[in-house]
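Undergrad: Compute the structure for the input listed below.
(one chain, ligands or ions: 2)
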Amino acid sequence: MPRKDPVQPRPDVRVSLDLVIPLWNEEDVLDLLFERLGSVFSIENLERARIHSIRYIFIDDGSTDGTARLISRRIDEGWPCLLVRFSRNFGHQNAVSAGLDFTRADLVTVLDADLQDPPEVILEMVARWREGYDVVYGQRRKRKDSLLRRAGYWIFYRMVAFLADIQIPLDSGDFGLMDRKVAQKIRELPEKLRFPRGLRAWVGFRQVGVDYDRPHRQGGNSKYTLSKLYRLATDGVISSSVRPLQAAQVFGVSYLVFTVLLALLLLIRPGQFEIPPWTLLGYLLIISGNMVQIFCIYILGAYVGRTYLEVKGRPSYVVMETVGKSDPLGSDS
Ligand code: UDP
Ligand code: MG
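TA: Ligands and ions are numbered 1, 2, ... in the order given. This is a model prediction of the structure:
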């Protein structure tokens, strides 16, 4: 349940802001991205929002194109950036997680590199934080995407919300702002298989959504194939709850009751069926029994596989090198 107690406004404090931007082969969109960041976070806008320092933390998730080179060039030009380069592609969620590991500012935001998360909304999020909220997440009003993907996302968010133990806000991704203490708590969570938006919901604090329209990607292509989306969906559900396991148990018991009732029916009224009743029962049991077993093994397998990966305790990512500003307050470069 969202907290309902009164929030404490923070109207005047001056804050530092880190923007975590995961990217993988995004050279086509980088010029546009820097242009937008430059105009949204101009000196005047930062002054108006009482942000005294800003840092862009780019997590290069194993790009093989010119992404790292282009960002390094911007660093040489004096942009306040930290570039963290993974040794290979570890996946979007691990990149977001790494971004949180590297941030030290008062406020942290996460946004995609392709400008589908409009940077302008971040200033709105800072304003909500000033009202006293600790987490301000972007909530998509409209999504400009193909019908299939829109339907997929619609089902995904509702499935996660239905199956999760905690309340994950509908239609919200990683785009959002969080207070330093929230980022700190998420960093301290021990799990290696990380689903940052689930962790963000789990840690609690005062949370609120900001509506925004999600535009088309401004360059390059989506890096999420349908199979990656499927993995994201299952990771999302399994990392946040054991309800699917409970569902499998309920399903199994219901099936048992169903077969007993069916057998009783056949015993009491054997003449009602054209096929000999025991043959019918046999068919039904074999087909439905297999279905139930496959379903339960699938659910079980999903948990066992992730448990195996988790107990190995390997890190979520490996950093190959870092370039640029590691100190949020700007003493180094
Ligand atoms: N991304 C990443 N690693 C991956 C896949 C994606 O860092 O393995 C980044 C990508 O560069 C982008 C963000 O995650 O900045 C969201 O990905 P994308 O826009 O392709 O996803 P979509 O918006 O199509 O769901
Ligand atoms: Mg995108």
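
Undergrad: So residue 157 versus residue 140, what's the distance?
TA: Taking CB to CB, to the nearest Å as the criterion, residue 157 is separated from residue 140 by 9 Å. For glycine as for every other residue, the C-beta is placed from the backbone atoms N, C-alpha and C.

Undergrad: so where's the stretch 1-150 of the chain shaky on pLDDT?
TA: When residues are selected by pLDDT under 70, those of the stretch 1-150 of the chain lie in 1-4, 142-145.

Undergrad: Those residues of it touching ligand 2, which are they?
TA: With CB under 5 Å from the ion as the criterion, the stretch 1-150 of the chain meets ligand 2 at residues 112, 114, 116.

Undergrad: ok, residue 252 touching residue 296?
TA: Yes. The pair residue 252 / residue 296 is scored as a contact, 5.9 Å apart, by CB atoms under 8 Å.

Undergrad: who has more neighbours, these two?
TA: When residue 252 and residue 296 are compared for neighbours, residue 296 comes out ahead with 17 against 13, by other CB atoms under 10 Å.

Undergrad: I'd like to know the average pLDDT value across the helix or strand encompassing that one.
TA: Per DSSP states H and E: residue 296 is located in helix 277-312. The average pLDDT within helix 277-312 is 86.

Undergrad: Can you list the neighbours in contact with the following helix or strand past it?
TA: The helix or strand immediately downstream of helix 277-312 is strand 319-324, counting by DSSP H and E. Outside strand 319-324, the residues within contact range by CB atoms under 8 Å, 6 or more residues apart in numbering are 68, 71-72, 75, 81-87, 98, 333.

Undergrad: before we move on, back to that, for the helix holding residue 296, what is the distance to the chain centroid?
TA: Chain-centre distance of helix 277-312: 28 Å, with CA atoms, centre = their mean, to the nearest Å.

Undergrad: Show me which positions of that helix end up buried.
TA: Across helix 277-312, burial judged by 16 or more other CB atoms under 10 Å covers 277, 281, 292, 295-296, 299, 302, 306.

Undergrad: which residues in this protein form helices?
TA: 30-40, 43-48, 67-77, 92-102, 120-131, 147-163, 180-188, 196-203, 226-240, 243-268, 277-312 (DSSP state H).

Undergrad: most packed of these?
TA: helix 92-102 (a mean of 23; mean count of other CB atoms under 10 Å).

Undergrad: Can you tell me which helices and strands that one packs against?
TA: strand 15-23, strand 51-60, strand 81-86, strand 107-110, helix 180-188, helix 196-203, helix 226-240 (3 or more CB pairs under 8 Å, 6 or more residues apart in numbering; DSSP states H and E).

Undergrad: That one close to ligand 1?
TA: Yes. Against ligand 1, helix 92-102 shows contacts by CB under 6 Å from any ligand atom at 92, 95.

Undergrad: can I get the CA coordinates of that helix in PDB?
TA: The C-alpha coordinates for helix 92-102 follow below in PDB (Å, rounded to 0.1, in the frame of the first residue of the first chain):
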ATOM      1  CA  HIS A  92      19.900  -3.600 -19.500                       C
ATOM      2  CA  GLN A  93      18.800  -4.400 -16.000                       C
ATOM      3  CA  ASN A  94      22.400  -5.100 -14.900                       C
ATOM      4  CA  ALA A  95      23.400  -1.800 -16.500                       C
ATOM      5  CA  VAL A  96      20.800   0.100 -14.600                       C
ATOM      6  CA  SER A  97      21.900  -1.700 -11.400                       C
ATOM      7  CA  ALA A  98      25.600  -0.700 -12.100                       C
ATOM      8  CA  GLY A  99      24.500   2.900 -12.600                       C
ATOM      9  CA  LEU A 100      23.100   2.900  -9.100                       C
ATOM     10  CA  ASP A 101      26.300   1.400  -7.700                       C
ATOM     11  CA  PHE A 102      28.300   4.300  -9.200                       C
END
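
Undergrad: relative orientation of it and strand 51-60 in degrees?
TA: 140 degrees (axes from the mean of the first three to the mean of the last three CA atoms, to 10 degrees).

Undergrad: List of residues touching helix 92-102?
TA: By CB under 8 Å, 6+ apart, the residues outside helix 92-102 that reach it are 20-24, 57, 59, 61, 82, 84, 86, 108, 110, 174, 183, 186-187, 194-196, 223-224, 232, 235, 316-317, 319, 326.

Undergrad: Go ahead and measure how far it is from the middle of the chain.
TA: Centroid separation between helix 92-102 and its chain, computed with CA atoms, centre = their mean, is 10 Å.

Undergrad: Stretch 66-73 too?
TA: How far stretch 66-73 lies from its chain's middle: 25 Å, per CA atoms, centre = their mean.

Undergrad: Up against ligand 1, what does the protein have?
TA: 22-24, 26, 61, 89, 91-92, 95, 112-114, 116, 217, 222-224.

Undergrad: If we use 8 Å, what do you get?
TA: Within the chain, the positions near ligand 1 by CB under 8 Å from any ligand atom are 21-26, 59-62, 89-92, 95-96, 112-114, 116, 145, 149, 173, 217, 220-224, 228-229.

Undergrad: Give me the distance between residue 102 and ligand 2.
TA: 22 Å (CB to the ion, to the nearest Å).

Undergrad: cool, residue 297 as well?
TA: Applying CB to the ion to residue 297 and ligand 2 gives a distance of 34 Å.

Undergrad: dump the residue contacts of the closest residue to residue 10 other than its chain neighbours.
TA: Spatial nearest neighbour of residue 10, chain neighbours left out: residue 130 (5.3 Å); criterion: CB to CB, 6 or more residues apart in numbering. Contacts of residue 130 were listed using CB under 8 Å, 6+ apart, and they are 9-11.
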